[in-house]
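Trainee: what shape does this take:
(one chain, ligands or ions: 1)
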Amino acid sequence: MPLLIGTSLKLYFGRERTSTWSRAVIEDCRTHPAVSEGRVEPFIVPSFLSIPEVAALAEGTPVLVGAQDVHWEEGPYTGEVSAPQLRDFGATLVEIGHAERRRLFGETDETAARKVRAVLAAGLVPLLCVGETERGSAAAAALAGITQLAASLRLALEDGLSGRVIVAYEPVWAIGVAEPAPDAHIRAVCTALRIELDRAGFAADSAVIYGGSAGPGLLGRIAPAAQGLFLGRSAHDPRAMRRILDEALELT
Ligand SMILES: O=C[C@H](O)COP(=O)(O)O
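Mentor: Purely as a prediction, here's the structure:
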């Protein structure tokens, strides 16, 4: 299985920088042996507004394009974006339940569950974020993550939906800081989440990846327990993405 390596641009870049950055990163991905040999599946999650442009740039390459959020219904929901719209505009991944959306916009495991169901029903891939809020033991973090994962998959499983699911383990206390969580902590929690995800019976190419102040140098210390990286700030410099692709090539 290829490693998944990608980033959400959150709300960092405007139109022009998104475009310049995406061109550079997609070109690197197109030509890098880690990608062309199928060892890495890269992904980019820009703002909604840039999805059509980034999807057009990524066409014909293995780079997946995602959305940072979704609504679970269609109809009278002013300001929202639906899963079928995202599909029509070229997204294949949909991020759900990021810590910033939980903290700032009141999202819960229940709203995550509705979104996972809507995304799978539209034939898209949920990129579901889970992670404990406080720093503690790996055992407590694994239990919290498994509980969140089970709650977020509940509605999709009840409806008998299948497909690929990507889980991003992002301990909240390790997002936006100087260092990622300790390697052993990441490995232990990702392993526990992977067992739970496998138990749920989604597609074989489902994966658990790590995010939270991740950057060059980390992948070799946490793979294969983590099957990839969800990058934030470190990916703003396309050279960092390239370095991580180099590291993935050495590993696989
Ligand atoms: O979506 C990405 C994560 O929230 C990580 O962001 P960060 O690497 O800037 O901490």
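Trainee: report pLDDT for the residue in the chain that the ligand sits nearest to.
Mentor: For the chain, the residue closest to the ligand is Gly232, as judged by CB to the nearest ligand atom, at 2.1 Å. Glycine gets a C-beta too; all of them are placed from N, C-alpha and C. For Gly232, the model assigns a pLDDT of 98.
Trainee: now Ala204
Mentor: 95.
Trainee: and the spatially closest residue to it that is not a sequence neighbour, how far is that from Phe230?
Mentor: Distance criterion CB to CB, 6 or more residues apart in numbering; nearest residue to Ala204, sequence neighbours excluded, is Met1 at 7.9 Å. In this view, Met1 and Phe230 are 16 Å apart by CB to CB, to the nearest Å.
Trainee: same thing with Leu143?
Mentor: On the measure of CB to CB, Leu143 and Phe230 end up 21 Å apart.
Trainee: same thing with Gly60?
Mentor: According to CB to CB, Gly60 and Phe230 sit 24 Å apart.
Trainee: just Lys115 next, same as before
Mentor: 17 Å.
Trainee: what pLDDT does the spatially closest residue to Arg135 that is not a sequence neighbour get?
Mentor: In space, and not counting its chain neighbours, Arg135 is closest to Trp173: 4.6 Å by CB to CB, 6+ apart. On the pLDDT scale, Trp173 is placed at 98.
Trainee: doesn't Trp173 lie inside a helix?
Mentor: Yes: counting by DSSP: H, G, I helix; E, B strand; the rest coil, one finds Trp173 located in a helix.
Trainee: what's the neighbour count on the residue nearest to Ala204?
Mentor: 14 (other CB atoms under 10 Å).
Trainee: what's the helix or strand for the residue nearest the centre of the chain?
Mentor: Compute the mean C-alpha point of the chain, and by CA atoms, centre = their mean the closest residue is Leu127, 4.4 Å away. Following DSSP states H and E, one finds Leu127 within strand 125-130.
Trainee: output that strand as CSV - backbone C-alpha positions only.
Mentor: Presented in CSV, the C-alpha positions along strand 125-130 are these (Å, rounded to 0.1, in the frame of the first residue of the first chain):
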residue,chain,number,x,y,z
VAL,A,125,-13.2,9.3,0.7
PRO,A,126,-13.6,10.7,4.2
LEU,A,127,-10.4,12.0,5.7
LEU,A,128,-11.6,11.7,9.3
CYS,A,129,-9.7,13.6,12.0
VAL,A,130,-9.6,12.2,15.5
